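Asks: Sequence plus the predicted model coming up.
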Amino acid sequence: MQQVIKFLFSPLAFAVGFLWPLFSQILLASQTVESNGLAISIGAVVAIGWGLMAQVRGSWIWIK
Amino acid sequence: MDQVTHQQDINTLSDAQIDVIERQIANKYMRIVPWGAVAWGIGNCLVFFSLFPLVMMDLLPLWLASPIATISIALSYLPSHEAQHNIIAGRGKPLRWLNELVGHMSTLPLVLPYRVLRATHMEHHAHTNDSELDPDFGVHAPSDKDFLIKTIRDRLTGSERDDSYGRTLDRIGQSALMLDALIYNTIYLIILFTLAWSGYALEAALLWWLPKHIAMTYISYYLSWAPHHPAEEQGRYRDTRAFKSKLGNALSMGMQYHIIHHLYPRIPLAKTPAAYREMKPILERKGCDLGAL
C-alpha cells in the first residue's frame, strides 16, 4: 500500500495520469495535429520524458 | 474610550493603563459571529464545485469559468481561517457545528485539510518569524519579486518547504493528522487523472490545477509574506506589520490589518479595520511597524 501511495504522488504518475492526456488534448484543441493517435503519441513522449527527468532529478526543472 | 486613544492622551498614560485600553478596544470587536464569512465559506465552495458540471454541460465557457475558479480558490482560505480561531463558535457553543462545517468545507477547493491547517496555524501564531518553528517561515524572501521566484522554484523543485507542515505536526505530536492530507491529496489526484483520461484534461487543468497554483501563490503572498515582511523580528508588537497595499484592502484579502489579527486572533476579519483605526495610537506607542496605513 505504501508503495502504491508513494507512486501515486511521484512525478512519473503525475506525468502519466495528467500531463500525458493534457498535452494530447492541447495538441488537438489547438489543431496543431489532427490525428488522435499522433496527439496521444506526442503527448506520451513529451509527458513521460519530462516525468522521468523529474523522477530522476527530483525536480521538474533541471536545476534543483 | 475614543477620547483616550488620541496620541497625545496616550503619551500621558502608563504602560499598564495602555494595555487595559488596548484590551478594552479589542473586546468590543470580539464575540461577534461573522455571518458574512459563514456565507462566504459555504457559498464559495458550492460555486467552485458547480463550475465543473456547468463547463462539462457547455452551460459556461471554460475561458470564463477558469478565472472564476481562480478567484474562488483564492477566496477559499479565509473563512476556514475564521473557523481555525473558533471565531464563528468556540468549543461547547451551540453553533460549534457551523464553525467546524465552515472550517472543513471552505478549503476543499485548496485541497487543504482543516485539521492540518488549524494545528499548523496555531504554531505559526505561537512562533511567528521563528525560522525553525514557524511553519510558514519558508515563504519569506527579501522582496516580493524574490517571493514569486522562490514560490515557483520551490514547487518545481520539491523543496523542503513542501514538508514544513508535516515536520510541524511531527514536532507537536500530531503527525496522525497527515492522514487527512494524504486522503485529500489522493482524492484530488484521482479526480485530476480521471478527468484527464476522460477527455477533460483542459477542464481539469484550467478549473483546478492551474487556478490552485495561482491562488496558493496569492494567498501565500498576502497572508504570509506581506504582513510579516521582512520577518526578521519576533515579539507581540514586532512580528507582524500593517501595510498599505497597492491593490487596496479587499484585493489584499484584508491583510493590511493583519497586525490586529496577530494581537487579537478572535477578532473577525471584517472587524480588523475598525479595531485598527481605534487602536492605532496605541500601536504607534508600542513601536509597531504600521507602514503607510
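Replies: Alright, I've got the coordinates.
Asks: What distance do you get for the closest residue to chain B within chain A to B:A181?
Replies: Taking C-beta to the nearest C-beta, chain B has its nearest neighbour within chain A at A:G17, 3.6 Å off. (Each C-beta comes from the backbone N, C-alpha and C, glycine too.) Using C-beta to C-beta, to the nearest Å, one gets 19 Å for the distance from A:G17 to B:A181.
Asks: Touching, the residue of chain A closest to chain B and B:A196? I think so.
Replies: Yes: using C-beta atoms under 8 Å, A:G17 is in contact with B:A196, at 6.6 Å.
Asks: between those two, who's got more neighbours?
Replies: In this comparison of A:G17 against B:A196, neighbours counted by other C-beta atoms under 10 Å in any protein chain shown, the higher total goes to B:A196 at 24 against 20.
Asks: dump the residue contacts of that one.
Replies: A:G17, A:F18, A:W20, A:P21, A:L22, A:Q25, B:A204, B:A205 (C-beta atoms under 8 Å, 6 or more residues apart in numbering or on different chains).
Asks: so of those residues, which ones are in helices?
Replies: Among those, the ones falling in helices (DSSP state H) are A:W20, A:P21, A:L22, A:Q25, B:A204.
Asks: neighbours around the nearest residue to the last one once chain neighbours are set aside, how many?
Replies: Across the structure, with C-beta to C-beta, 6 or more residues apart in numbering or on different chains as the measure, the residue nearest B:A204 apart from its sequence neighbours is B:L195 (3.9 Å). Neighbouring residues of B:L195 were enumerated by other C-beta under 10 Å; the total is 23.
Asks: List the contacts of B:A74.
Replies: B:I214, B:A215, B:Y218, B:I219, B:M253.
Asks: Tell me the one of those nearest chain A?
Replies: B:I214 (16.7 Å).
Asks: Let me know the helix or strand that the closest one is in.
Replies: Using DSSP states H and E, B:I214 sits in helix B:210-219.
Asks: What's the mean pLDDT across whichever helix or strand comes after that helix?
Replies: Using DSSP H and E, the helix or strand that follows helix B:210-219 in sequence is helix B:226-228. Mean pLDDT, helix B:226-228: 96.
Asks: chain center to helix B:226-228: distance?
Replies: Chain-centre distance of helix B:226-228: 12 Å, with C-alpha atoms, centre = their mean, to the nearest Å.
Asks: That helix packs against which elements?
Replies: If you count contacts as 3 or more C-beta pairs under 8 Å, 6 or more residues apart in numbering or on different chains; DSSP states H and E, helix B:226-228 packs onto helix B:258-263.
Asks: after the helix it packs on, next one along is what?
Replies: By DSSP H and E, the next helix or strand past helix B:258-263 is helix B:272-285.
Asks: List the buried residues for that following helix?
Replies: Within helix B:272-285, the residues scored as buried using 16 or more other C-beta atoms under 10 Å in any protein chain shown are B:T272, B:A275, B:Y276, B:E278, B:M279, B:K280, B:P281, B:I282, B:L283, B:R285.
Asks: Return the residues in contact with the residue of chain B found nearest chain A.
Replies: Chain A sits closest to B:F193 of chain B, with a gap of 3.6 Å, by C-beta to the nearest C-beta. For B:F193, the contacting residues are A:G17, A:F18, by C-beta under 8 Å, 6+ apart.
Asks: and if you look at B:T151?
Replies: B:V139, B:T217, B:S220, B:Y221.
Asks: Produce a ChimeraX select command limited to the buried residues of these.
Replies: To isolate the buried ones among the contacts of B:T151 in ChimeraX, judged by 16+ other C-beta under 10 Å, type:
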select /B:139,217,220,221
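Asks: Does the lengthiest helix in chain A pack against any helices or strands, and if so which?
Replies: Counting residues, the longest helix found in chain A (DSSP H) is helix A:36-57. Applying 3+ C-beta pairs under 8 Å, 6+ apart, we find helix A:36-57 packed against helix A:11-14, helix A:20-29.
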